[in-house]
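**Q** Please work out how this folds:
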Amino acid sequence: MSDTSYTGVAEGVGIDAQASIEQSGLEAASQDASNSQKEPIQISDKKMYKLGGHFNKHGRDMGFEDKKSYEEAARNFAIENQNNPDATIVEGVWGGQGMLHGQTQRAITYDGKTVIISADTGQIIDFYEGNQYIGLIHLNYLRKGK
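**A** Numbering: from 1, shown residues only. All right, here's what the predicted structure looks like:
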């Protein structure tokens, strides 16, 4: 198992991942371009960004009993799927307000779930069901999964 992962961000207005990519005109022109990879990101042991709020928003609905199990699942999901050829990976800039504004992040989506990771620090930002890259702008499609 690797200690690295990819990033993205969540909070705000939801946009379907594929529609967002097409709308931004950033859909890869070829299979080779869509599968271009950047180096994996070292996943930080730092507590998930706004853990309590994200747990209340997503974790309970995902079936997690507490913040610890939710955060652990997010970290494991990121580590297990960052190099999964079937996972979709999108990189973008957090366009929302707050401390993360302008930060580059990556979203890893697989099996109906998405984890968002800070590209700079490796901190987990969010983990949720769905394939929406909420709040990310200037999307770059790094890998198209199945």
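**Q** any low-confidence regions in the chain?
**A** Of all residues in the chain, those with pLDDT under 70 make up the ranges 1-37.
**Q** quick one, helices of this protein?
**A** For the chain, the helices defined by DSSP state H occupy 17-24, 31-34, 51-54, 67-81.
**Q** Flag every buried residue along stretch 53-63.
**A** For stretch 53-63, burial by neighbour count (16 or more other Cβ atoms under 10 Å) applies to 54, 55, 58, 59. All C-beta atoms are positioned from the backbone trio N, CA, C, and that covers glycine.
**Q** which residues of the chain fall in strands?
**A** Listed in chain order, the strands of the chain (DSSP state E) span 4-5, 41-42, 88-94, 104-110, 113-118, 124-129, 136-143.
**Q** So which of the ones you listed has the densest surroundings on average?
**A** strand 113-118 (a mean of 28; mean count of other Cβ atoms under 10 Å).
**Q** For it, which outside residues touch it?
**A** Residues from elsewhere that reach strand 113-118 (Cβ atoms under 8 Å, 6 or more residues apart in numbering): 5-10, 41, 43-44, 49, 62, 74, 77-78, 81, 100, 103-108, 123-133.
**Q** Mind exporting the C-alpha coordinates of it to PDB?
**A** The C-alpha coordinates for strand 113-118 follow below in PDB (Å, rounded to 0.1, in the frame of the first residue of the first chain):
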ATOM      1  CA  LYS A 113     -17.200   8.100  -4.000                       C
ATOM      2  CA  THR A 114     -14.900  11.100  -4.200                       C
ATOM      3  CA  VAL A 115     -12.100  12.200  -1.900                       C
ATOM      4  CA  ILE A 116     -10.600  15.700  -2.200                       C
ATOM      5  CA  ILE A 117      -6.900  16.200  -1.300                       C
ATOM      6  CA  SER A 118      -4.700  19.400  -1.100                       C
END
